[in-house]
Structure formats: C-alpha cells, structure tokens
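Enquirer: fold the following for me, if possible:
(2 chains)
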Amino acid sequence: MTSPHVRTGRSLAAVLALALGLAALPASAQQGGAAGQKPVKLGIILFLTGAAAEPFGIPSKNAADLFIQAMNAGTLPKPYDKPGFGSAKIEVRYVDEAGPTQNVVTEFRNLVQRDGVEVAFGVISSGNCYAVAPIAEELKTLTVFHDCGTPRLFEERDFKWVFRPSPTGTMDSVAAARYLLRKNPKLASYAGINQNYAFGQDSWNDFVLAMKALAPNATAAKDLFPKLFAGEYGAEISTLLTTNAPVFHTSFWDGDFESFVTQANARGLPRRMTMLAALGEAQMFRLGNRLPDGSILGARGPHGLFARDTELNRWFQTNYTKKFGTPPTYPAYHAAQGLLGLKAAYDKAAAAKKGARPNTEEVAAAFTNLEFDGPSSKIRMALGKGHQAISETAYGVYKFNAATGKGEIVDVVRYPAECVNPPANMKAEEWLKAGMPGAKCD
Amino acid sequence: MLETLAILTDGLTYAAYLFIVSVGLSLIFGVMKVLNIAHGAFYAFGAYGAATAVGMYFDKGWPAAGGFLLMAMVAMVVGAIVGAVLERGLLRFMYRKDEVILALVTYASFLVLEDVIVFIWGPGTMSAYQPLEVAGNFMVGGLLLSGYDAGLVGVAFVLAVATYLGLRRTRAGRLLTTVIFDREIAAAFGINVTLVFAVTFAIGGALGALAGAVMAPKIAVTLGIGVEVIVLAFAVVAIGGMGSMEGAVVGALIVGLARAFAVHVVPQVELFVIYAVMALVLAFRPRGLFARALPRKI
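Expert: Just a heads-up that it's a prediction; the model follows:
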C-alpha cells in the first residue's frame, strides 16, 4: 500500500511535469495550433429512433460517421485532405431528434450549455429547424442544418449563427415541374398526393405555383393530403384512379411512400398514371422492382445516381457502400455536404489566422457566402444573406434492370442552380407567383 | 356513379381495417375497464411478427395459402404471449388503482414495448408485400379493386360474427358477458375473474396482433405504426360505445364511410372528419351509440 506522503509527492511531480510541458509547447499550439489543439466539440441532432430514423436519420448518421472518421484521419480526397476542422480533431456527440419539438429545443440547449458543444449540426424536421434557429442565435452557437427543406427559414429573418448548406424544397418542386413539362409538353391536368404537414403542403404549393408559371393551362385535378403515417390509402388511390389526370406529384417519404406504392401497385394505379416522386430516390434501392418503371424520381439535389463523377463522389459511394452495405441516398449526401461545408469554413478561417484555431464567430464569417465542393455538385451559400445554399439539381426516370437486379435512373436532366432557385432578393413564393423572373436554365 | 362505387368500396375496406384494429381494444375495455393504450404495441408486434414470418415463408417458394395462415397464426401467438406477460407481470398489480392510473400504466407499457421492438427487430423498415401481390385484383363497375382488400372485408366479417356468436352462444362467452356486466356479482357466482382477466387480455393482445398481421402486407412495417392505430381505434370504440362489439362494427362503418366520402368529395377535411363524427356522436350519446345503461348501485 502506498503511503499518503508518497502519493502527494507523485502528484506534485506530475503537476510540475505538466506545467513544464505546457511551458515547453510552442506559442502557436497554446493558441490553438495543430499539435496541441482541443478537439472541436460537434453536437449532431438526428432522428435515431422513430419512423424518420431509417430513411433520414440513419443514412445521415452513417455519412457523418464516415466523414468525421476520415476528416480526423486526414484521408478525404482533395481539397479536404487536411485533418480535422482547421486541423483540430472533431469530437462528436449524437442526440435523438425524435419526440416533440420542445424536446429538441431542450436537447439543443443541453448540448450547448451542459455539454459545451461549440457547433451544432443536423436537424431533419423543418418544424424543428424553425424552433432551434432562434435558440442558436440566443446562445450564439454556430448551427448547421443539413436537411430540413422549408424555404421560409431564411426568408422570414436574418441569422448570424445559423447556416443551411443544402437547398430548399422550392428547388425540388420547380425542377419537378420543369422535368414533367419537358416529358409532357401538352399536359392538361395533374394530381397530387402529399402528406398533411408543413413539408407536404409546401412541396405541393410550390409545385402548383411552378406549374402555373410554366404551363398556365394545365390544371390541378385533385390535391390529396392524407395525414402523416396514415398507412391505409385505398380511398386516395381510388380518387386518383377516377381522375383524368395522367400524372400525380408526391413528396411522400419512407414508410408512407412504401405503403402507398405497395397499395397502388395492387390497384393497378401505375398502369393508369405516372408517378412523380420528388423524394423517390431515397427508396429506390429498397423497393427495387416494386417501384413502377417510368416513375419520375428526384433526390433533393443531384445526389446518389444523379451525382457527378468526381473523385470525392467515388470515394463517398465506395466507402459508404463498403461500410454500410447499401449505396448512400440523398440524406447521406446532405449530411456529407453539410460537414464538408463546415470543414471548408473552418479551414478557411484557420488559414486566415495562419493556422491558429478560429473561434466560431470567425468560422461563421468564413461560412457566409462560401462556395465549396459537395460530393455531388458545387454548393454556393447564395441566399439568406449568404447562409442558405443553392446548387444544381436533377430529375430522371426510374427503370428496374432485371439483369442486374437493381434500379437505374435514365433520361436524366440537370438544372443549373439559377434555373430552379429564387434570386437572393426574392422570397420563393413571390418568385414563383411572378413567373420565376431571372431564371437561367441554359 | 363510379365515384359512388369508389366511396362505398373504400368505405367498406377502411371500416374493415378499423373494426379489426378496434375489436381487441373494445373487448379488453368491456371486460376489464382498462383503456389499453398498449393495444398499439400489440398491433406493431403482430405486424413485425407477420413480416418476419411472411419473408421467411415466401423465400422458400411454398404455396401462398400457407403464407396467409402462417402470417395470422404467428402474429396471434406473439400477441397472446405479449398480452399475457403484460397482464400477469404488471397489470394485475394495478387493478385496484384508478382507471386513469391503469391507462397511464398501459401507456408506459406501450413505450417500453416500442423499445422492445427496436431491440428485437432493429430500427429498420420491414416489408411483407407478397400476400398483397398474390391476392391480385379484379374489376367492378370500371374500378380496379384489390383482392387482398376484399379478403380484409371477409376477415372483418368473420371476426364480427365469431365475436358475436362466441359471446352469446358459448359458455365461455356467457361467463365473459357476466364479468362485463358486473365483475363483483360474477365473482360472487364463483366465476374466476382473475383467470377471465388474464385470458381476455391475452385474447385482446392476439386480436391486436392479428390486426397488425393483416395490415402488414399493405404497409411498410416501421417504428411508430402503433401510434396511429391507437388513435383510430379509440375513435371507433368511442363512437360505438366502449366495450360494445356491435358498437365497434357500427363505429367502424360510420368512420370508414365518412372518411371515404371526405377523401373523394372534400379532401381538405379528410383529417377532420373522423373526429367531427366522433364529436357529433358523443354530443348526443356521451357514452357512444351502443353503450348499455348502467344500473345504479345503492
């Protein structure tokens, strides 16, 4: 047994050694230089349980795990090959987004005030983004929303600390309308079935406004809004079967999308109407040959099979598929491009300080109006006074390849960012109602 | 004409779904006076159990008919076991508590059972679509209908008749009816009320799981599917009268047809119509359409 005196002596020696060690460190390291930097504490809020976990939360988490591990190891392809955020390692704490919005706000406060998180990342639900954003401003916490789609977030107020490096749902709806009319220039009517909550309503409203601007004579024959997670869609399918419209728009996702497609197949709906599924890419690998051939699919950006063939995308596709046994879908891409944006902002701010660690205010300044390469395309923080991203997007037609047993996307059309996103000086709805002035689609 | 036909067929299909979902809830409330929020978990267990069984069965390429039977049997066994464990392991210690406390206990059980599902099956989505494909479709008056939906209506009809005859024509049913009317008198007559409660809860669990099983081929079996079911089942049972089997049939038909009408004619009120019907019925019949008169105890 060691005597108390010996223990005290050892403790003193340890403290002295530590003090001497610290004194011996170069000044830059004490200020936050590469070797002695504290890690950046990153709090990530995602749906880890509940219905939104599998389609959105888990792919986002998988991508976050993959990228943060590679960032810490410095093994990402160029231009992201320097380790960490501004050379500081990244330390992650995950929080479940499931539950009421108030819970998410509380968890956000806990992350910042209790756990000392410097940067918050994630948040999938638009309602949760709305609720968290003002708290982020209040707490002066750099917060990066990677997935929520409502355009109103940055239209209704300005933020200093909040960023969204993925485009809004308006882009998805405008591109959907453009693609549909390219395939059916003489379309006389169309229908819609969307979930009865903010995202479903916004998606349909934007789609209808875009259709009115591009094809004023085409009418919305039916607009259906079953409740979220309804499960049973017999009446909605009958309603679609009894309309004259040859096509319907949907922003259904995950379980609702799968249930609807399964029931629609059993009722022969795909033989009667073409489905335009704005988020369909996220389910195409899972549904396989149950997803009707000829369906028009989007991916909330040029993600997955729509992504450009870059070194970064190849790295992402290969490593994600190898690690998780399935290719990355768009939520994974959103998480990846959000983290890459954050890294680009950290690296830029650190470079401006000659390698010293930037504070989050400096990172936020570097993030504003930033342009960076995502895994699938170039991202520009062009809206919301430099806090909201735009990018190009793409739509295509689904075709199941029986020989390979996998789904494919054919007839892909890309739309430049300026073609499908409003300009910086207009709100999305105003832009759509005005007939999308200034859209550059060439 | 086509729209009227669609409203009728859709209303009937939805009513069948609602009845199958609510019959177990109504039985448990009728016998035990327990507002069983864990019913949603029984539904989910049934759906997950059926999805597992269907996946394994159809992968073997065996005759489809066996798959339908296996799907129902597996779910009912799973539901009965979960129900029995819940009743024996927890609820029986709570019977002397207030009904609100009992409802809260079943709510807590529901949350725990949701986590048990994650523990057993993980957070992923499961599919059991094969029976829906095998059942095919058929044309009626220009409207293509699903063979599986027709089967669902048949299952609901058989279940309604079986429940009706079972309660009125069998000894066990009569004993159960006695407990429904007055558990103290039933106990005084020598009926083993404790056993009746345990068996009823297990049967209620099996019926809830059966509902999940028959819906599994139509839906994506995913976390949270039980939540929606509880709300709908409560609406049906409240309209028909808590604990009344006839009430569950009529409540399901009213809600099913009202919703189908709304979806076809005024889709904007689809979400509202179920609860509007419930509010209207309860405004005039606060205990539901088929609630029996309560004798006043002196």
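Enquirer: how's chain A carved up into domains?
Expert: Domain assignment for chain A, taken from automatic domain parsing, gives A:40-167+A:308-390, A:170-299+A:392-433.
Enquirer: quick one, phi/psi of the closest residue to chain A within the stretch 101-250 of chain B?
Expert: Here the residue of the stretch 101-250 of chain B nearest chain A is residue B:220; by CB to the nearest CB that distance is 3.8 Å. No exception for glycine: its C-beta is placed from N, CA and C like everyone else's. Main-chain dihedrals, residue B:220, degrees, to the nearest 10: phi -80, psi 120.
Enquirer: and it, how far is that from residue A:226?
Expert: The spacing between residue B:220 and residue A:226, counted by CB to CB, to the nearest Å, is 14 Å.
Enquirer: low pLDDT regions in the chain?
Expert: No chain in the question, so chain A it is. A:1-36 (pLDDT under 70).
Enquirer: my question was about chain B
Expert: B:293-298.
Enquirer: one more time with 80, if that's ok
Expert: Applying pLDDT under 80 to chain B flags residues B:1, B:123-124, B:291-298.
Enquirer: can you give me how far the longest helix along it is from the chain middle?
Expert: Determined from DSSP state H, the single longest helix within chain B is helix B:2-32. From the chain centre to the centre of helix B:2-32 is a distance of 9 Å (CA atoms, centre = their mean, to the nearest Å).
Enquirer: burial of residue A:41, as a residue count?
Expert: Residue A:41: 18 surrounding residues under other CB atoms under 10 Å in any protein chain shown.
Enquirer: just checking, it touches residue A:93?
Expert: Yes - judged on CB atoms under 8 Å, residue A:41 makes contact with residue A:93 at a distance of 7.0 Å.
Enquirer: now for those two: what residues contact both?
Expert: A:115, A:117 (CB atoms under 8 Å, 6 or more residues apart in numbering or on different chains).
Enquirer: interface residues of chain A facing chain B?
Expert: Residues of chain A that fall close to chain B, judged by CB under 8 Å from any CB of the partner chain: A:48-51, A:53-55, A:58, A:196, A:222-227, A:229-232, A:234-236, A:238-239, A:241-242, A:254-259, A:262-263, A:265-268, A:286, A:290.
Enquirer: reformat the domains of chain A as TSV; add distance to residue B:205.
Expert: Shown next, in TSV, are the domains of chain A (distance: least, CB to CB, whole Å):
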stretch	distance to residue B:205
domain A:40-167+A:308-390	23
domain A:170-299+A:392-433	20
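Enquirer: residue A:411: which element?
Expert: For residue A:411, the element it lies in under DSSP states H and E is strand A:406-415.
Enquirer: what do you get for residue A:208?
Expert: According to DSSP H and E, residue A:208 maps onto helix A:198-214.
Enquirer: before we move on, what about residue B:70?
Expert: If you go by DSSP H and E, residue B:70 is part of helix B:64-89.
Enquirer: list the buried residues in that helix.
Expert: Under the neighbour-count criterion of 16 or more other CB atoms under 10 Å in any protein chain shown, helix B:64-89 has B:67-68, B:70-72, B:74-76, B:78-84, B:86-87 buried.
Enquirer: among the residues you listed, which are in reach of chain A?
Expert: Of these, not one also sits near chain A (CB under 8 Å from any CB).
Enquirer: still on that earlier bit, the helix or strand following the helix holding residue B:70 near chain A at all?
Expert: Using DSSP H and E, the next helix or strand after helix B:64-89 towards the C-terminus is helix B:99-121. Yes - residues of helix B:99-121 contacting chain A under CB under 8 Å from any CB: residue B:118.
Enquirer: just want the angle from helix B:99-121 to helix B:64-89.
Expert: Between helix B:99-121 and helix B:64-89, the angle comes out at 130 degrees (axes from the mean of the first three to the mean of the last three CA atoms, to 10 degrees).
Enquirer: can you pull out the helices in the stretch 51-200 of chain A?
Expert: Using DSSP state H, counting those that start in this stretch, the helices of the stretch 51-200 of chain A run over A:58-73, A:101-109, A:126-139, A:153-156, A:169-183, A:198-214.
Enquirer: out of the ones you listed, flag the one nearest residue A:404.
Expert: Minimum separation from residue A:404 across those (CB to CB) falls at helix A:58-73, 22.1 Å.
Enquirer: just checking, what packs against that closest one?
Expert: The contact analysis (3 or more CB pairs under 8 Å, 6 or more residues apart in numbering or on different chains; DSSP states H and E) places helix A:58-73 against strand A:40-46, strand A:90-96, strand A:119-122, helix A:311-324, helix A:330-352.
Enquirer: looking at these, which is buried most?
Expert: Comparing the helices and strands packed on helix A:58-73 by mean neighbour count (mean count of other CB atoms under 10 Å in any protein chain shown), strand A:119-122 ranks first with a mean of 27.
Enquirer: touching that one from outside, list them.
Expert: Contacts with strand A:119-122, where a contact means CB under 8 Å, 6+ apart, come from A:40-46, A:60, A:64, A:97, A:108, A:111-112, A:132, A:136, A:141-147, A:335, A:338-339, A:342, A:360, A:363.
Enquirer: next one: stretch A:415-428
Expert: Residues from elsewhere that reach stretch A:415-428 (CB under 8 Å, 6+ apart): A:151-152, A:155, A:167-168, A:170-171, A:174-175, A:178-179, A:206, A:380, A:382-383, A:385, A:390-395, A:430-432, A:434, A:436, A:438-442.
Enquirer: now do the SS call for residue B:229.
Expert: When classified by DSSP: H, G, I helix; E, B strand; the rest coil, residue B:229 comes out as helix.
Enquirer: so it makes contact with residue B:18?
Expert: No - using CB under 8 Å, residue B:229 is not in contact with residue B:18; the gap is 9.5 Å.
Enquirer: higher neighbour count, those two?
Expert: Neighbour count, other CB under 10 Å: between residue B:229 and residue B:18, residue B:18 has more, with 30 against 27.
Enquirer: that one: what's it in contact with?
Expert: B:232, B:233, B:236, B:251, B:252, B:255, B:256.
Enquirer: list the contacts for residue B:177?
Expert: B:167, B:168 are the contacts of residue B:177 under CB under 8 Å, 6+ apart.
Enquirer: what does the one 4 residues further on give?
Expert: For residue B:181, the residues meeting the contact criterion (CB under 8 Å, 6+ apart) are residue B:292.
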